[in-house]
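**Q** Got a predicted model here, sequence first, then my questions.
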Protein chains: 2
Amino acid sequence: MKRRDILAAAGVGLAATALAGCNKQAETSCEPQQGGGGETFTWKMVTSWPKNFPGVGVGAERFAKLVNEMSGGRLTVKVYAAGELVPALEVFDAVSRGTAELGHGAPYYWKGKVPAAQFFCALPFGPNAAEMNAWLFKGGGMQLWEEVYKPFGVLPILCGSTGVQTAGWFNKEINSPADFQGLKMRTPGLGGEVLTKMGGTVVNLPAGEIFTALQTGAIDATEWIGPYNDLALGLHKAAKYYYTPGWQEPNVTFELDVNLKAWETLPADLQAIVRAAARDVNADMLDDYNARNMEALETLKSEGVEVRRLPDEVLARLKQVATEVVEASAAADPAAAKVYEAQSAYFKRLQAYAKVAEEDIYQIRG
Amino acid sequence: MKRRDILAAAGVGLAATALAGCNKQAETSCEPQQGGGGETFTWKMVTSWPKNFPGVGVGAERFAKLVNEMSGGRLTVKVYAAGELVPALEVFDAVSRGTAELGHGAPYYWKGKVPAAQFFCALPFGPNAAEMNAWLFKGGGMQLWEEVYKPFGVLPILCGSTGVQTAGWFNKEINSPADFQGLKMRTPGLGGEVLTKMGGTVVNLPAGEIFTALQTGAIDATEWIGPYNDLALGLHKAAKYYYTPGWQEPNVTFELDVNLKAWETLPADLQAIVRAAARDVNADMLDDYNARNMEALETLKSEGVEVRRLPDEVLARLKQVATEVVEASAAADPAAAKVYEAQSAYFKRLQAYAKVAEEDIYQIRG
């Protein structure tokens, strides 16, 4: 799921409309069921997602519902789909300038403006969801993230994880690194840069055009998200092989963007409610993806989809190239270099620990 | 970390004192920082943990802090260490009879009273934290858990996960299944039943006596929790080998017990706050264990600890025996049988999916 897809999936976005800041009104009564004391707030949350987008879109709606419930109506969050107030990729800007108090999107959507952002989002052959969470909450990652966004007047709060994605849908077999030569594939972002270095051709297509392009042979392959979202797009009806694992995105994290000036107007109890709701959504979305991806893959197999693992030789080459691409991307920006240096050292330590813990548990249970 | 250890670590518990139900008082003022409307509640939370117990005890304190913050003081939770109001293993009973509105402990501590409880807690060679969460929240697990506890007037809410533990500390090498013959090991619960079937002798010791017993040779081995908690107990100074992985507990979940009558007196916003705080603690505790276990294992290695993996032949035999032990335990109780049947079918599906997702990601990154 990348920049252009989301943009297109959401249709042409409307121009951003400047709106008032947080809408306050004096609260005089304090009925128990209202649960409120003092001011009430009505906040807008712009998102990068089409209406009812499975997984991540569901998470954005869950966040609003939780905050509304926990605050007893004192903080009402209204969710806007991509394009309703601002285009999918202008969520960060909209929150930065105060068009909306809240935003929900993927950090790497704004890498053009904040190159370091993508290092809080997804790394090829990088950390899984649990490792990214451990770094962010216990290894200093959140502090770095806040430092990177502060100049833009935005407070980042982790608000969603997809877990492992898939390598994508192919109509050509991948048996060796050479098979990427001339391969026309829809795979944006760092994955796309890797494909180019492998001799392939990146074709950027919006979600609505992927199926037809794959069916007509305009492209040989595409990656989207994972079984849960891929099934919804019907990609299995236009491709022969479903390759795993999702080397390009072992996990993707999503962010809640909060306008710092608006944040400072919230009482401490409502700030705590916003943080807890985001933490809940982060956990719930991963559980949702783990359960629904499992179910969707069973459905795909029952419909005859051939699930294949990329050969070791291919994965080894992809890893080599991906490392070059990620390091070059980090070196191109001082803030990105600082974040990458800190996280890669921490992830090395977590990966060493996993070998005697989480990783080995998979081995011993067979 | 098992029943007797916690009991002993907490010292001899005081006799349970019957206390009034939820303490309410009319709330007239409603300053914004107070955040409250209507009634305020002061609830007691009894726990199975000694004061400031690393990891899980920290989680219990975090829960109380979050609820107090989010409710703006409308729901005040006072945490009691094991033995302060009731002994460590009487937490479930205390909440059931209304001695306290809330409790925090491990489901398998009350398996004597509720045999099915341990299947929501930990399973040898079973699910990791992410898989247990997916089953509980997206696979029908929580509904079964609520059904099992309802006759006791208790509402269970997931409130903590440890992630992978370790196999334990040994002063005798384990090179084959035969090396368990005559092994004197402190390892309670299902792990203990497995050891007995392997020809060993289970020695139950409270936390405070493990170190000396290991040092004097009264026992040949012991398991406790993982690097984070084991280091605190200094076990590395009394044992030669630290074996991995924690086949007996790939994850342990903890529960928030809520007295159902008290729960029904809470307004909807405070109920939502309690649920979100527990979900936050569940995520935060896993992040904490993943980060601190990694750091503690580095410290242990730097102090010369020899970390060894149990041989494949040994793990294969342990798995075989563990399966027999778990199935016999499930068969002995109708409710346990129902829960085990449902969860084992679901975990089989999740484990098949992991092979093309989470599990394979560990493989490809090397």
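**A** Yep, it's here. Numbers count the residues shown, from 1 in each chain, chains lettered A, B, ... in the order given.
**Q** ok, now how distant is A:V77 from A:V258?
**A** Applying C-beta to C-beta, to the nearest Å, the value for A:V77 to A:V258 is 11 Å. (C-beta placed from N, C-alpha, C; glycine too.)
**Q** Of these two, give the one with the bigger neighbour count.
**A** Using other C-beta atoms under 10 Å in any protein chain shown as the criterion, A:V77 and A:V258 rank with A:V258 on top: 25 against 22.
**Q** The more buried one reaches A:K150, doesn't it?
**A** No. In this structure, A:V258 is not within contact of A:K150 by C-beta atoms under 8 Å, at 11.7 Å.
**Q** residues near A:P206, how many?
**A** 15.
**Q** What's the per-residue pLDDT of it here?
**A** With respect to pLDDT, A:P206 has a value of 73.
**Q** Name the residues of the stretch 101-250 of chain A found near chain B, please.
**A** Contact residues (C-beta under 8 Å from any C-beta of the partner chain) of the stretch 101-250 of chain A with chain B: A:125-126, A:128-131, A:133-134, A:137-139, A:163-164, A:166, A:226, A:244-247, A:250.
**Q** how about the helices of the stretch 1-150 of chain A, start to end?
**A** A:3-9, A:56-70, A:91-96, A:129-138, A:141-149 (DSSP state H, counting those that start in this stretch).
**Q** Okay, now the unreliable bits of the stretch 1-150 of chain A?
**A** Filtered on pLDDT under 70, the stretch 1-150 of chain A yields the residue ranges A:1-37.
**Q** Leaving out chain neighbours, which residue sits closest to the residue in the stretch 101-250 of chain A positioned nearest to chain B?
**A** Closest contact between the stretch 101-250 of chain A and chain B, by C-beta to the nearest C-beta, is at A:K138 (3.5 Å). Spatially, and ignoring its direct neighbours in sequence, A:K138 is nearest to B:A291 (3.5 Å; C-beta to C-beta, 6 or more residues apart in numbering or on different chains).
**Q** before we move on, what about A:Q165?
**A** Per C-beta to C-beta, 6+ apart, closest to A:Q165 is A:G246, 3.3 Å.
**Q** residue contacts, A:P227?
**A** By C-beta atoms under 8 Å, 6 or more residues apart in numbering or on different chains, A:P227 lies in contact with A:T166, A:R292, A:N293, A:M294, A:A296, A:L297, A:T299, A:L300.
**Q** Could you check how far the third one is from A:V77?
**A** A:N293 sits 28 Å away from A:V77, taking C-beta to C-beta as the criterion.
**Q** Which stretches in the stretch 51-200 of chain A count as strands?
**A** Taking DSSP state E, counting those that start in this stretch as the criterion, the stretch 51-200 of chain A carries its strands at A:75-80, A:102-105, A:154-161, A:168-170, A:184-186.
**Q** looking at those, which is buried most?
**A** Counting by mean count of other C-beta atoms under 10 Å in any protein chain shown, strand A:102-105 has the highest mean neighbour count of these, with a mean of 30.
**Q** Summarise which helices and strands it is packed against.
**A** Helices and strands touching strand A:102-105, by 3 or more C-beta pairs under 8 Å, 6 or more residues apart in numbering or on different chains; DSSP states H and E, are strand A:40-47, helix A:56-70, helix A:91-96, strand A:253-259.
**Q** chain center to it: distance?
**A** Mean-position distance between strand A:102-105 and its chain equals 11 Å (C-alpha atoms, centre = their mean, to the nearest Å).
**Q** Tell me which helix or strand the residue nearest to A:K138 sits in.
**A** helix B:268-302 (DSSP states H and E).
**Q** likewise A:A336?
**A** Per DSSP H and E: A:A336 is located in helix A:334-354.
**Q** Over that helix, what's the mean pLDDT, rounded is fine.
**A** The model assigns helix A:334-354 a mean pLDDT of 98.
**Q** what angle do that helix and helix A:141-149 make?
**A** 170 degrees (axes from the mean of the first three to the mean of the last three C-alpha atoms, to 10 degrees).
**Q** Okay, A:L233 and A:N251: tell me how far apart.
**A** Distance from A:L233 to A:N251, by C-beta to C-beta: 21 Å.
**Q** quick revisit: want to throw the strands of the stretch 51-200 of chain A into a markdown table with distance to B:A316?
**A** What follows is the strands of the stretch 51-200 of chain A, written out as a markdown table (distance: least, C-beta to C-beta, whole Å):
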| stretch | distance to B:A316 |
| --- | --- |
| strand A:75-80 | 51 |
| strand A:102-105 | 47 |
| strand A:154-161 | 34 |
| strand A:168-170 | 36 |
| strand A:184-186 | 42 |
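**Q** B:G200 is nearest to which of these?
**A** Evaluated with C-beta to C-beta, the strands of the stretch 51-200 of chain A place strand A:154-161 nearest to B:G200, the distance being 40.9 Å.
**Q** still on that earlier bit, so who does the residue nearest to A:K138 touch?
**A** A:A134, A:F137, A:K138, A:G139, A:L350.
**Q** Then A:Y80?
**A** Counting by C-beta under 8 Å, 6+ apart, A:Y80 touches A:K44, A:M45, A:V46, A:T47, A:V86, A:A100.
**Q** can you do 10 Å?
**A** Contact analysis of A:Y80 by C-beta atoms under 10 Å, 6 or more residues apart in numbering or on different chains lists A:44-47, A:49, A:51, A:60, A:86, A:91, A:94, A:100, A:102-104.
**Q** same thing with A:M45?
**A** With contact taken as C-beta under 10 Å, 6+ apart, A:M45 is in contact with A:60-61, A:63-64, A:67, A:77-80, A:85, A:91, A:95, A:100-104, A:256-258.
**Q** Nearest residue to it in space, ignoring adjacent ones along the chain?
**A** Nearest residue to A:M45, sequence neighbours excluded (C-beta to C-beta, 6+ apart): A:L102, at 3.9 Å.
**Q** Might you report the residue contacts of that neighbour?
**A** With C-beta under 10 Å, 6+ apart, A:L102 has these contacts: A:43-47, A:60, A:63-64, A:67, A:77-80, A:91, A:94-95, A:157, A:159, A:256-259, A:262-263, A:274, A:278.
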